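J.: sharing a sequence plus its predicted fold:
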Amino acid sequence: MAPPPSSARRVAAAGLIGTTIEWFDFFIYGTAAALVFNRLFFPEFEPVAGTVAAFATFAVGFIARPLGGVLFAHLGDRHGRKPVLVASLLLMGLATVLMGVLPTYGTIGVAAPLLLTVLRFAQGIGVGGEWGGAALMAVEHAPAHRRGFYGSWPQIGVPAGLLLGNLTFSALSAGLTEAEFLAWGWRVPFLCSALLIVVGFVIRLRISESPVFERAARQQRHTRTPVLDVLREHPRVVALAAGSFLATNATFYVGTTWIVAYTTNSLGYERTSILNANALLSFVDIPLMLAFGLLSDRIGRRGMSMAGMAGLAVFAVPYFLLVDSGSIMLFLLGGIVVQVCRTAVYGPQSAYFSELFSTRFRYSGASLAYQLAAILGGGLAPMICTALYGWTGSSMAIAGYVVVLCLISFGSSYLLAETFRKGLTDDPAPASA
(Lines give C-alpha, C1' and ligand atoms only; values in the text may rest on other atoms or scores of the structure.)
Protein backbone atom coordinates (compact mmCIF):
# COMPACT_ATOMS: atom_id res chain seq x y z
CA MET A 1 0.00 0.00 0.00
CA ALA A 2 1.29 3.46 -0.91
CA PRO A 3 1.87 5.92 1.96
CA PRO A 4 -0.80 8.62 2.36
CA PRO A 5 -0.05 11.91 0.59
CA SER A 6 0.33 13.70 3.93
CA SER A 7 3.14 11.32 4.89
CA ALA A 8 4.85 11.79 1.52
CA ARG A 9 4.60 15.57 1.81
CA ARG A 10 5.93 15.57 5.37
CA VAL A 11 8.94 13.43 4.49
CA ALA A 12 9.64 15.46 1.33
CA ALA A 13 9.53 18.70 3.35
CA ALA A 14 11.84 17.23 5.99
CA GLY A 15 14.21 16.12 3.25
CA LEU A 16 14.18 19.61 1.76
CA ILE A 17 15.02 21.27 5.09
CA GLY A 18 17.75 18.78 5.94
CA THR A 19 19.43 18.89 2.54
CA THR A 20 19.24 22.69 2.49
CA ILE A 21 21.18 22.82 5.75
CA GLU A 22 23.78 20.29 4.65
CA TRP A 23 24.31 21.91 1.25
CA PHE A 24 24.50 25.36 2.87
CA ASP A 25 27.40 24.03 4.92
CA PHE A 26 29.06 22.45 1.90
CA PHE A 27 28.64 25.44 -0.43
CA ILE A 28 29.78 28.21 1.90
CA TYR A 29 33.17 26.53 1.79
CA GLY A 30 33.26 26.93 -2.00
CA THR A 31 32.38 30.62 -1.79
CA ALA A 32 34.97 31.21 0.91
CA ALA A 33 37.55 29.31 -1.16
CA ALA A 34 36.84 31.61 -4.11
CA LEU A 35 36.92 34.81 -2.07
CA VAL A 36 39.28 34.58 0.92
CA PHE A 37 40.92 31.20 1.59
CA ASN A 38 43.78 31.86 -0.84
CA ARG A 39 44.77 34.90 1.22
CA LEU A 40 44.08 33.53 4.71
CA PHE A 41 45.30 29.95 4.42
CA PHE A 42 47.72 30.08 1.45
CA PRO A 43 49.30 33.55 1.67
CA GLU A 44 52.76 32.32 0.62
CA PHE A 45 51.51 31.42 -2.88
CA GLU A 46 51.20 33.65 -5.93
CA PRO A 47 47.53 34.71 -6.49
CA VAL A 48 46.73 32.12 -9.18
CA ALA A 49 48.61 29.35 -7.36
CA GLY A 50 46.88 30.32 -4.09
CA THR A 51 43.48 30.10 -5.78
CA VAL A 52 44.35 26.68 -7.22
CA ALA A 53 45.46 25.54 -3.75
CA ALA A 54 42.24 26.82 -2.19
CA PHE A 55 40.18 25.01 -4.82
CA ALA A 56 42.29 21.90 -4.23
CA THR A 57 41.07 21.83 -0.62
CA PHE A 58 37.57 22.37 -2.03
CA ALA A 59 38.12 19.24 -4.16
CA VAL A 60 39.09 17.24 -1.05
CA GLY A 61 35.44 17.34 0.02
CA PHE A 62 34.53 15.61 -3.22
CA ILE A 63 37.24 13.00 -2.81
CA ALA A 64 35.68 12.16 0.56
CA ARG A 65 32.13 12.03 -0.79
CA PRO A 66 32.35 8.53 -2.34
CA LEU A 67 33.80 7.27 0.95
CA GLY A 68 30.91 8.85 2.83
CA GLY A 69 28.54 7.45 0.25
CA VAL A 70 29.92 3.93 0.72
CA LEU A 71 29.91 4.12 4.52
CA PHE A 72 26.43 5.58 4.94
CA ALA A 73 24.97 3.58 2.04
CA HIS A 74 26.10 0.34 3.68
CA LEU A 75 24.47 1.41 6.95
CA GLY A 76 21.38 2.73 5.18
CA ASP A 77 20.79 -0.49 3.24
CA ARG A 78 21.45 -2.57 6.33
CA HIS A 79 19.84 -0.57 9.14
CA GLY A 80 17.52 2.00 7.57
CA ARG A 81 17.53 5.43 5.98
CA LYS A 82 16.48 7.55 8.97
CA PRO A 83 19.39 6.97 11.42
CA VAL A 84 21.90 7.53 8.64
CA LEU A 85 20.34 10.89 7.76
CA VAL A 86 20.59 12.05 11.38
CA ALA A 87 24.24 10.97 11.62
CA SER A 88 25.27 12.67 8.37
CA LEU A 89 23.66 15.93 9.47
CA LEU A 90 25.53 15.94 12.79
CA LEU A 91 28.90 15.17 11.17
CA MET A 92 28.48 17.92 8.61
CA GLY A 93 27.42 20.47 11.22
CA LEU A 94 30.31 19.76 13.57
CA ALA A 95 32.91 20.06 10.80
CA THR A 96 31.41 23.34 9.56
CA VAL A 97 31.28 25.00 12.98
CA LEU A 98 34.90 24.02 13.65
CA MET A 99 35.88 25.71 10.37
CA GLY A 100 34.31 28.88 11.72
CA VAL A 101 36.73 28.98 14.67
CA LEU A 102 39.81 27.69 12.84
CA PRO A 103 42.93 29.90 13.17
CA THR A 104 44.48 31.08 9.90
CA TYR A 105 47.99 30.69 8.49
CA GLY A 106 49.07 33.93 10.12
CA THR A 107 48.29 32.46 13.56
CA ILE A 108 49.36 28.81 13.45
CA GLY A 109 51.27 28.53 10.17
CA VAL A 110 51.08 25.42 8.02
CA ALA A 111 48.80 23.67 10.54
CA ALA A 112 45.97 25.97 9.40
CA PRO A 113 45.60 24.65 5.81
CA LEU A 114 46.17 21.10 7.06
CA LEU A 115 43.34 21.37 9.61
CA LEU A 116 41.14 23.08 7.03
CA THR A 117 41.70 20.13 4.71
CA VAL A 118 40.83 17.60 7.44
CA LEU A 119 37.58 19.41 8.23
CA ARG A 120 36.73 19.66 4.53
CA PHE A 121 37.27 15.90 4.30
CA ALA A 122 34.82 15.42 7.18
CA GLN A 123 32.31 17.64 5.37
CA GLY A 124 32.66 15.43 2.32
CA ILE A 125 32.02 12.28 4.34
CA GLY A 126 28.84 13.84 5.76
CA VAL A 127 27.39 15.11 2.50
CA GLY A 128 28.36 11.84 0.80
CA GLY A 129 25.81 10.04 2.92
CA GLU A 130 23.22 12.79 2.80
CA TRP A 131 21.98 12.76 -0.78
CA GLY A 132 21.21 9.05 -1.07
CA GLY A 133 19.28 8.93 2.18
CA ALA A 134 17.24 12.08 1.57
CA ALA A 135 16.46 11.09 -2.02
CA LEU A 136 15.42 7.56 -1.11
CA MET A 137 13.26 8.65 1.81
CA ALA A 138 11.32 11.04 -0.43
CA VAL A 139 10.95 8.59 -3.31
CA GLU A 140 10.18 5.52 -1.19
CA HIS A 141 7.43 7.41 0.67
CA ALA A 142 5.91 8.80 -2.55
CA PRO A 143 2.92 7.44 -4.50
CA ALA A 144 4.10 5.53 -7.58
CA HIS A 145 2.77 8.15 -10.02
CA ARG A 146 4.47 11.06 -8.18
CA ARG A 147 7.96 9.75 -7.47
CA GLY A 148 9.55 12.34 -9.78
CA PHE A 149 7.70 15.20 -8.09
CA TYR A 150 8.32 14.20 -4.48
CA GLY A 151 11.87 13.14 -5.31
CA SER A 152 12.57 16.66 -6.59
CA TRP A 153 12.03 18.12 -3.10
CA PRO A 154 15.37 17.03 -1.60
CA GLN A 155 16.97 18.14 -4.89
CA ILE A 156 15.78 21.66 -4.10
CA GLY A 157 18.06 21.58 -1.07
CA VAL A 158 20.99 22.22 -3.41
CA PRO A 159 19.85 25.58 -4.84
CA ALA A 160 18.21 26.50 -1.52
CA GLY A 161 21.46 25.86 0.36
CA LEU A 162 23.42 27.81 -2.25
CA LEU A 163 20.87 30.64 -2.16
CA LEU A 164 21.10 30.87 1.62
CA GLY A 165 24.89 30.80 1.51
CA ASN A 166 25.17 33.41 -1.23
CA LEU A 167 22.73 35.75 0.50
CA THR A 168 24.67 35.42 3.73
CA PHE A 169 28.01 36.17 2.08
CA SER A 170 26.46 38.94 0.00
CA ALA A 171 25.05 40.67 3.08
CA LEU A 172 28.39 40.41 4.85
CA SER A 173 30.27 41.62 1.78
CA ALA A 174 27.98 44.63 1.43
CA GLY A 175 27.91 45.51 5.15
CA LEU A 176 31.57 45.07 6.05
CA THR A 177 34.79 46.60 4.89
CA GLU A 178 37.32 44.39 3.11
CA ALA A 179 39.45 44.28 6.26
CA GLU A 180 36.48 43.30 8.46
CA PHE A 181 35.37 40.63 6.00
CA LEU A 182 38.84 39.10 5.96
CA ALA A 183 39.31 39.40 9.71
CA TRP A 184 36.06 37.82 10.91
CA GLY A 185 33.15 38.33 8.52
CA TRP A 186 33.79 35.17 6.50
CA ARG A 187 33.42 33.09 9.70
CA VAL A 188 29.81 34.11 10.34
CA PRO A 189 28.14 31.68 7.88
CA PHE A 190 30.15 28.77 9.29
CA LEU A 191 29.16 29.59 12.86
CA CYS A 192 25.49 30.08 11.91
CA SER A 193 25.45 26.42 10.96
CA ALA A 194 25.21 25.46 14.64
CA LEU A 195 21.64 26.80 14.90
CA LEU A 196 20.60 25.30 11.56
CA ILE A 197 21.87 21.86 12.55
CA VAL A 198 19.73 21.86 15.72
CA VAL A 199 16.63 22.65 13.64
CA GLY A 200 17.42 19.93 11.10
CA PHE A 201 18.19 17.38 13.79
CA VAL A 202 14.81 17.85 15.50
CA ILE A 203 12.92 17.63 12.19
CA ARG A 204 14.66 14.44 11.10
CA LEU A 205 13.99 12.70 14.39
CA ARG A 206 10.25 13.18 13.82
CA ILE A 207 9.89 11.50 10.41
CA SER A 208 9.13 7.83 9.93
CA GLU A 209 11.36 5.20 8.35
CA SER A 210 10.91 4.34 4.67
CA PRO A 211 7.96 1.92 4.23
CA VAL A 212 9.74 0.25 1.32
CA PHE A 213 12.78 -0.46 3.50
CA GLU A 214 10.62 -1.69 6.39
CA ARG A 215 8.78 -4.08 4.11
CA ALA A 216 12.07 -5.46 2.80
CA ALA A 217 13.35 -5.81 6.37
CA ARG A 218 10.28 -7.81 7.41
CA GLN A 219 10.77 -10.12 4.45
CA GLN A 220 14.51 -10.39 5.22
CA ARG A 221 15.60 -9.28 1.78
CA HIS A 222 18.72 -7.54 3.04
CA THR A 223 22.23 -8.27 1.85
CA ARG A 224 25.24 -8.20 4.16
CA THR A 225 27.43 -6.37 1.66
CA PRO A 226 25.15 -4.07 -0.39
CA VAL A 227 27.98 -1.94 -1.84
CA LEU A 228 29.93 -4.96 -3.07
CA ASP A 229 26.77 -6.63 -4.35
CA VAL A 230 25.67 -3.69 -6.48
CA LEU A 231 29.17 -3.31 -7.92
CA ARG A 232 29.36 -7.01 -8.67
CA GLU A 233 25.87 -7.38 -10.15
CA HIS A 234 25.38 -4.00 -11.87
CA PRO A 235 28.73 -2.22 -12.42
CA ARG A 236 27.62 -0.96 -15.83
CA VAL A 237 24.51 0.68 -14.46
CA VAL A 238 26.48 2.39 -11.68
CA ALA A 239 29.01 3.68 -14.22
CA LEU A 240 26.37 4.88 -16.69
CA ALA A 241 24.32 6.57 -13.98
CA ALA A 242 27.44 8.38 -12.78
CA GLY A 243 28.23 9.38 -16.36
CA SER A 244 24.71 10.71 -16.90
CA PHE A 245 25.21 13.12 -13.98
CA LEU A 246 28.80 14.13 -14.73
CA ALA A 247 28.16 17.30 -16.76
CA THR A 248 25.26 18.48 -14.59
CA ASN A 249 27.39 18.32 -11.47
CA ALA A 250 30.52 19.78 -13.05
CA THR A 251 28.79 22.75 -14.67
CA PHE A 252 26.99 23.51 -11.42
CA TYR A 253 30.34 24.03 -9.66
CA VAL A 254 31.81 25.86 -12.64
CA GLY A 255 28.92 28.32 -12.41
CA THR A 256 28.78 28.69 -8.64
CA THR A 257 32.41 28.46 -7.57
CA TRP A 258 34.91 29.04 -10.38
CA ILE A 259 32.77 31.75 -12.00
CA VAL A 260 32.84 33.75 -8.75
CA ALA A 261 36.63 33.87 -8.82
CA TYR A 262 36.84 34.37 -12.60
CA THR A 263 34.33 37.22 -12.87
CA THR A 264 35.59 39.14 -9.83
CA ASN A 265 39.34 38.64 -10.38
CA SER A 266 39.62 38.64 -14.19
CA LEU A 267 36.57 40.47 -15.54
CA GLY A 268 36.10 43.19 -12.94
CA TYR A 269 32.58 42.29 -11.83
CA GLU A 270 31.67 43.56 -8.37
CA ARG A 271 31.76 40.73 -5.84
CA THR A 272 28.37 41.56 -4.31
CA SER A 273 26.74 41.71 -7.76
CA ILE A 274 27.98 38.21 -8.66
CA LEU A 275 26.87 36.77 -5.33
CA ASN A 276 23.43 38.36 -5.74
CA ALA A 277 23.19 37.08 -9.32
CA ASN A 278 24.04 33.53 -8.24
CA ALA A 279 21.48 33.81 -5.46
CA LEU A 280 18.82 34.82 -8.00
CA LEU A 281 19.79 31.93 -10.29
CA SER A 282 19.53 29.55 -7.35
CA PHE A 283 16.03 30.83 -6.65
CA VAL A 284 15.06 30.22 -10.29
CA ASP A 285 16.22 26.61 -9.89
CA ILE A 286 13.56 25.83 -7.29
CA PRO A 287 10.38 26.04 -9.42
CA LEU A 288 12.25 24.54 -12.37
CA MET A 289 13.18 21.44 -10.39
CA LEU A 290 9.65 20.93 -9.15
CA ALA A 291 8.25 21.39 -12.65
CA PHE A 292 10.72 19.00 -14.27
CA GLY A 293 10.23 16.45 -11.50
CA LEU A 294 6.49 16.55 -12.11
CA LEU A 295 6.93 16.44 -15.88
CA SER A 296 9.13 13.36 -15.59
CA ASP A 297 6.18 11.52 -14.00
CA ARG A 298 4.34 12.00 -17.28
CA ILE A 299 6.99 11.64 -19.99
CA GLY A 300 9.86 9.81 -18.28
CA ARG A 301 13.34 10.56 -16.96
CA ARG A 302 15.76 9.40 -19.69
CA GLY A 303 14.60 11.67 -22.51
CA MET A 304 14.68 14.71 -20.25
CA SER A 305 18.25 13.93 -19.25
CA MET A 306 19.34 13.64 -22.88
CA ALA A 307 17.56 16.86 -23.87
CA GLY A 308 19.13 18.79 -21.00
CA MET A 309 22.65 17.65 -21.89
CA ALA A 310 22.18 18.38 -25.60
CA GLY A 311 20.97 21.89 -24.80
CA LEU A 312 23.86 22.52 -22.43
CA ALA A 313 26.43 21.38 -24.99
CA VAL A 314 24.99 23.67 -27.68
CA PHE A 315 24.85 26.66 -25.33
CA ALA A 316 28.34 26.29 -23.78
CA VAL A 317 30.12 28.77 -26.08
CA PRO A 318 27.30 31.38 -26.09
CA TYR A 319 27.16 31.18 -22.28
CA PHE A 320 30.81 32.13 -21.83
CA LEU A 321 30.51 34.90 -24.43
CA LEU A 322 27.67 36.35 -22.34
CA VAL A 323 29.74 36.05 -19.16
CA ASP A 324 32.74 37.71 -20.83
CA SER A 325 30.58 40.66 -21.93
CA GLY A 326 30.95 42.28 -18.52
CA SER A 327 27.19 42.88 -18.30
CA ILE A 328 25.46 41.51 -15.22
CA MET A 329 22.17 41.29 -17.14
CA LEU A 330 23.75 39.16 -19.89
CA PHE A 331 25.43 37.10 -17.18
CA LEU A 332 21.97 36.42 -15.71
CA LEU A 333 20.46 35.64 -19.11
CA GLY A 334 23.12 33.05 -19.83
CA GLY A 335 22.79 31.60 -16.35
CA ILE A 336 19.03 31.12 -16.68
CA VAL A 337 19.42 29.13 -19.92
CA VAL A 338 22.05 26.94 -18.26
CA GLN A 339 19.76 26.43 -15.25
CA VAL A 340 16.93 25.19 -17.47
CA CYS A 341 19.21 22.61 -19.09
CA ARG A 342 20.67 21.40 -15.80
CA THR A 343 17.41 21.18 -13.88
CA ALA A 344 15.86 19.05 -16.62
CA VAL A 345 18.40 16.45 -15.48
CA TYR A 346 18.65 17.20 -11.77
CA GLY A 347 14.96 17.64 -10.92
CA PRO A 348 13.95 14.02 -11.71
CA GLN A 349 17.27 12.53 -10.62
CA SER A 350 16.23 11.21 -7.19
CA ALA A 351 13.47 9.19 -8.80
CA TYR A 352 15.61 8.09 -11.74
CA PHE A 353 18.52 6.81 -9.64
CA SER A 354 16.18 5.18 -7.12
CA GLU A 355 14.34 3.33 -9.88
CA LEU A 356 17.58 1.99 -11.32
CA PHE A 357 18.30 -0.25 -8.32
CA SER A 358 16.40 -2.77 -6.23
CA THR A 359 15.62 -2.18 -2.54
CA ARG A 360 18.33 -4.42 -1.13
CA PHE A 361 21.10 -2.17 -2.47
CA ARG A 362 19.27 0.96 -3.67
CA TYR A 363 21.04 3.31 -1.25
CA SER A 364 24.41 1.90 -2.29
CA GLY A 365 23.80 2.03 -6.04
CA ALA A 366 22.28 5.50 -6.08
CA SER A 367 24.91 6.97 -3.74
CA LEU A 368 27.86 5.46 -5.57
CA ALA A 369 26.65 6.78 -8.92
CA TYR A 370 25.97 10.25 -7.55
CA GLN A 371 29.24 10.57 -5.63
CA LEU A 372 31.43 9.19 -8.41
CA ALA A 373 30.03 11.88 -10.70
CA ALA A 374 30.57 14.43 -7.95
CA ILE A 375 34.27 13.73 -7.57
CA LEU A 376 35.00 13.38 -11.31
CA GLY A 377 32.79 16.32 -12.22
CA GLY A 378 32.15 18.89 -9.50
CA GLY A 379 35.14 18.31 -7.25
CA LEU A 380 37.75 18.73 -9.96
CA ALA A 381 35.92 21.30 -12.10
CA PRO A 382 36.97 24.56 -10.37
CA MET A 383 40.60 23.46 -10.24
CA ILE A 384 40.58 22.28 -13.88
CA CYS A 385 38.94 25.52 -15.02
CA THR A 386 41.49 27.62 -13.12
CA ALA A 387 44.35 25.65 -14.69
CA LEU A 388 42.83 25.80 -18.21
CA TYR A 389 42.28 29.53 -18.00
CA GLY A 390 45.76 30.10 -16.60
CA TRP A 391 47.19 28.08 -19.49
CA THR A 392 45.12 29.53 -22.36
CA GLY A 393 43.90 32.89 -21.04
CA SER A 394 40.54 32.21 -22.70
CA SER A 395 37.16 31.13 -21.36
CA MET A 396 36.64 29.19 -24.62
CA ALA A 397 38.87 26.48 -23.16
CA ILE A 398 36.33 26.14 -20.35
CA ALA A 399 33.50 26.00 -22.88
CA GLY A 400 35.26 23.13 -24.65
CA TYR A 401 35.66 21.31 -21.36
CA VAL A 402 31.92 21.68 -20.73
CA VAL A 403 31.04 20.34 -24.19
CA VAL A 404 33.13 17.20 -23.64
CA LEU A 405 31.42 16.55 -20.31
CA CYS A 406 27.98 17.03 -21.87
CA LEU A 407 28.74 14.51 -24.61
CA ILE A 408 29.76 11.94 -21.99
CA SER A 409 26.54 12.52 -20.04
CA PHE A 410 24.37 12.42 -23.15
CA GLY A 411 25.89 9.09 -24.20
CA SER A 412 25.51 7.63 -20.71
CA SER A 413 21.84 8.62 -20.55
CA TYR A 414 21.26 7.14 -23.99
CA LEU A 415 22.62 3.77 -22.81
CA LEU A 416 20.45 3.69 -19.68
CA ALA A 417 16.86 2.45 -19.79
CA GLU A 418 13.71 4.42 -19.03
CA THR A 419 12.41 3.64 -15.53
CA PHE A 420 9.44 5.85 -14.64
CA ARG A 421 6.84 3.05 -14.95
CA LYS A 422 8.95 0.65 -12.93
CA GLY A 423 8.29 -0.48 -9.35
CA LEU A 424 10.40 0.09 -6.25
CA THR A 425 10.72 -3.42 -4.84
CA ASP A 426 13.06 -6.11 -6.05
CA ASP A 427 13.08 -5.51 -9.78
CA PRO A 428 16.58 -5.93 -11.24
CA ALA A 429 18.40 -2.84 -12.38
CA PRO A 430 18.01 -2.17 -16.12
CA ALA A 431 21.38 -2.61 -17.82
CA SER A 432 20.73 -0.58 -20.94
CA ALA A 433 18.13 0.95 -23.17
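T.: Arrived safely, thanks for sending. Residues are numbered from 1 along each chain as shown.

J.: count of neighbours near Leu205?
T.: 12 (other Cβ atoms under 10 Å). All C-beta spots, glycine's among them, are computed from the backbone N, C-alpha and C.

J.: excluding sequence neighbours, find me the nearest residue to it.
T.: Val86 (6.6 Å; Cβ to Cβ, 6 or more residues apart in numbering).

J.: for the one you found, give its distance to Val97.
T.: 17 Å (Cβ to Cβ, to the nearest Å).

J.: out of these two, which sits in the more crowded spot?
T.: Val97 (19 against 16).

J.: quick check, central residue of this structure?
T.: Val158 (5.8 Å; Cα atoms, centre = their mean).

J.: which residues does that one contact?
T.: Thr19, Trp23, Phe252, Asp285, Tyr346 (Cβ atoms under 8 Å, 6 or more residues apart in numbering).

J.: which strand or helix spans it?
T.: helix 147-175 (DSSP states H and E).

J.: Arg39 now?
T.: helix 38-40.

J.: can you pull the buried residues of the helix or strand following that helix?
T.: Sequence-wise, the next helix or strand downstream of helix 38-40 (DSSP H and E) is helix 47-79. Buried residues in helix 47-79, counted by 16 or more other Cβ atoms under 10 Å: 50-78.

J.: with stretch 91-109 instead?
T.: 91-100, 102, 104-105.

J.: which members of those occur in helices, if any?
T.: Leu91, Met92, Gly93, Leu94, Ala95, Thr96, Val97, Leu98, Met99, Gly100, Tyr105 (DSSP state H).

J.: could you find the closest non-adjacent residue to the last one?
T.: Closest residue to Tyr105 in three dimensions, ignoring its sequence neighbours and counting by Cβ to Cβ, 6+ apart: Ala112, at 4.6 Å.

J.: list the buried residues for the strand or helix carrying that neighbour?
T.: Assigned by DSSP H and E, Ala112 belongs to helix 111-141. Using 16+ other Cβ under 10 Å as the burial criterion, the residues of helix 111-141 that qualify are 112-113, 115-116, 119-141.

J.: relative to Met92, how far out is Ile21?
T.: 8 Å.

J.: which neighbours do those two have in common?
T.: Joint contacts of Ile21 and Met92 (Cβ under 8 Å, 6+ apart) are Ile197.

J.: any chance of the ones in helices among the buried residues of stretch 91-109 in JSON lines, with distance to Ala8 and pLDDT too?
T.: Below are those laid out as JSON lines (distance: Cβ to Cβ, whole Å; pLDDT from 0 to 100):
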{"residue": "Leu91", "distance to Ala8": "27", "pLDDT": "88"}
{"residue": "Met92", "distance to Ala8": "25", "pLDDT": "84"}
{"residue": "Gly93", "distance to Ala8": "27", "pLDDT": "85"}
{"residue": "Leu94", "distance to Ala8": "31", "pLDDT": "90"}
{"residue": "Ala95", "distance to Ala8": "31", "pLDDT": "90"}
{"residue": "Thr96", "distance to Ala8": "30", "pLDDT": "89"}
{"residue": "Val97", "distance to Ala8": "32", "pLDDT": "91"}
{"residue": "Leu98", "distance to Ala8": "36", "pLDDT": "93"}
{"residue": "Met99", "distance to Ala8": "35", "pLDDT": "90"}
{"residue": "Gly100", "distance to Ala8": "36", "pLDDT": "92"}
{"residue": "Tyr105", "distance to Ala8": "49", "pLDDT": "85"}
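
J.: out of these, who's nearest Val198?
T.: Nearest to Val198 out of those is Gly93 (Cβ to Cβ; 8.4 Å).

J.: grab the nearest non-local neighbour of Gln123.
T.: That would be Ala95: by Cβ to Cβ, 6+ apart, it lies 4.7 Å from Gln123.
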